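Here's a sequence, model it:
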Amino acid sequence: MKISDLNRRITLLEPSLSKDADGKAVQGWANRGEVWANIQHRPGSEAFQQARLEARDPATVAVRASTLTRRMTSMWRVETDRVVYEISSNPNLSQDNAFVTFQVEGQRK
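Below you'll find the predicted structure:
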């Protein structure tokens, strides 16, 4: 992977708890920043084909490794202008520690 392959802007969202007016806990999403990413849709395997039929839009995402992206877990989300992706696997560092990659499943907005 090369830096020039990162051609999509995504927003990183971390789960956060807040309280509503009645004092009840409310699950929300805190915007942690925007980064450039490479999103590869993988239509090849049978599992990916089945996921597409169920409108889950599976993909592999790569972002440049940074303090922020190394903090991500499978609890986070990423968002583009058209799709919200749930991270479905814990992010992994590339062998050269330059990129973080993870699997996602998306739902169109």
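
hey, where'd the helices end up in this structure?
Per DSSP state H, the chain carries helices over the ranges 46-53, 67-71.

how close does the nearest residue to residue 34 once chain neighbours are set aside get to residue 106?
Spatial nearest neighbour of residue 34, chain neighbours left out: residue 11 (5.2 Å); criterion: Cβ to Cβ, 6 or more residues apart in numbering. Every C-beta, even on glycine, is put in place using the N, C-alpha and C of the backbone. Residue 11 sits at a distance of 13 Å from residue 106 (criterion: Cβ to Cβ, to the nearest Å).

what do you get for residue 17?
Counting by Cβ to Cβ, the gap from residue 17 to residue 106 is 24 Å.

These two: which is more packed in?
Taking other Cβ atoms under 10 Å, residue 17 and residue 106 do not tie; residue 106 has more neighbours (23 against 9).

so who does that one touch?
Taking Cβ atoms under 8 Å, 6 or more residues apart in numbering as the contact definition, residue 106 lies against 56, 57, 58, 59, 83, 84, 85, 86.
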